[in-house]
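Enquirer: Sequence first, predicted coordinates after that:
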Amino acid sequence: MSRIGKKPVPLPAGVTATVVGSTITVKGGKGSLTRTLPTGIRASVADGQVVVERPSDEPRDKSLHGLSRTLVANMVEGVSKGYQKSLEIQGVGYKAENKPFGVNLVVGLSHQVPFKAPEGIKITCETPTLVRIEGISKELVGQVAAEIRSVRPPEPYKGKGIRYVGEFVRRKAGKTGAK
């Protein structure tokens, strides 16, 4: 049996979960999330916990069992605490500006890059070189952070670009000069 899948997901105070068929809805202080579970995977709510079960011991069902339990746990944590990712911008003249639609990036291109925040995501620029992405969906927060990073990923020679806070960029030695 899946060691992750068999653990029940505890519901903290103020968080409720309802299961209708193969759709689970989790509501909390920060909002509400809904997900359709894979075919065959069942979820039930009992004693303040969500229990995820699988129909058989086939390899596909085993792999989906742990995945489904983790996705439900991420939903519960998202509606109770929320998720956030931080990006830092390095480079001379590189910066980010808050806009009503999201964020405007100036990262050494011939034009500014506007990035529109999707529904349920809040993007803030604490400083011109630090961008914080917040939301209740772990998947969506990570996807938005990856899309912003892909505008100008860090390059290995000077380290300029957009990177996650704490990300290590391996540097390369440049060309050696002619003698």
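Expert: That came through, no problem.
Enquirer: which one's the longest helix in this structure?
Expert: Longest helix of the chain, by residue count under DSSP state H: helix 59-80.
Enquirer: Can you check what angle separates the following helix or strand past it from helix 59-80?
Expert: Using DSSP states H and E, the helix or strand that directly follows helix 59-80 along the chain is strand 83-90. Put simply, strand 83-90 runs at 80 degrees to helix 59-80, going by axes from the mean of the first three to the mean of the last three CA atoms, to 10 degrees.
Enquirer: Using the record's assignment, carve the chain into domains.
Expert: Domain ranges of the chain: 9-80, 83-164, per automatic domain parsing.
Enquirer: and the first one, how far from the chain's centre?
Expert: Between the centre of domain 9-80 and the centre of its host chain there is 18 Å, according to CA atoms, centre = their mean, to the nearest Å.
Enquirer: Let me see the ranges of the strands in this protein.
Expert: 9-10, 16-20, 23-28, 31-36, 42-46, 49-53, 83-90, 95-99, 102-106, 113-116, 121-127, 130-135, 161-164 (DSSP state E).
Enquirer: Which positions in the fourth one come out as buried?
Expert: Buried positions in strand 31-36, judged by neighbour count with 16 or more other CB atoms under 10 Å: Leu33, Arg35. For every residue, glycine as well, the C-beta is placed using N, CA and C.
Enquirer: and what of stretch 15-28?
Expert: Neighbour-count burial for stretch 15-28 flags Val15, Ala17, Val19, Ile24, Val26, Lys27, Gly28 (criterion: 16+ other CB under 10 Å).
Enquirer: same question, stretch 76-88
Expert: Buried-residue list, stretch 76-88, by 16+ other CB under 10 Å: Val76, Glu77, Gly78, Val79, Ser80, Gly82, Tyr83, Lys85, Leu87, Glu88.
Enquirer: Just put those residues in JSON lines and tack on distance to Leu64 and pLDDT.
Expert: Formatted as JSON lines, the buried residues of stretch 76-88 follow (distance: CB to CB, whole Å; pLDDT from 0 to 100):
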{"residue": "Val76", "distance to Leu64": "19", "pLDDT": "95"}
{"residue": "Glu77", "distance to Leu64": "20", "pLDDT": "95"}
{"residue": "Gly78", "distance to Leu64": "20", "pLDDT": "94"}
{"residue": "Val79", "distance to Leu64": "23", "pLDDT": "95"}
{"residue": "Ser80", "distance to Leu64": "25", "pLDDT": "94"}
{"residue": "Gly82", "distance to Leu64": "26", "pLDDT": "93"}
{"residue": "Tyr83", "distance to Leu64": "23", "pLDDT": "96"}
{"residue": "Lys85", "distance to Leu64": "26", "pLDDT": "96"}
{"residue": "Leu87", "distance to Leu64": "32", "pLDDT": "96"}
{"residue": "Glu88", "distance to Leu64": "36", "pLDDT": "96"}
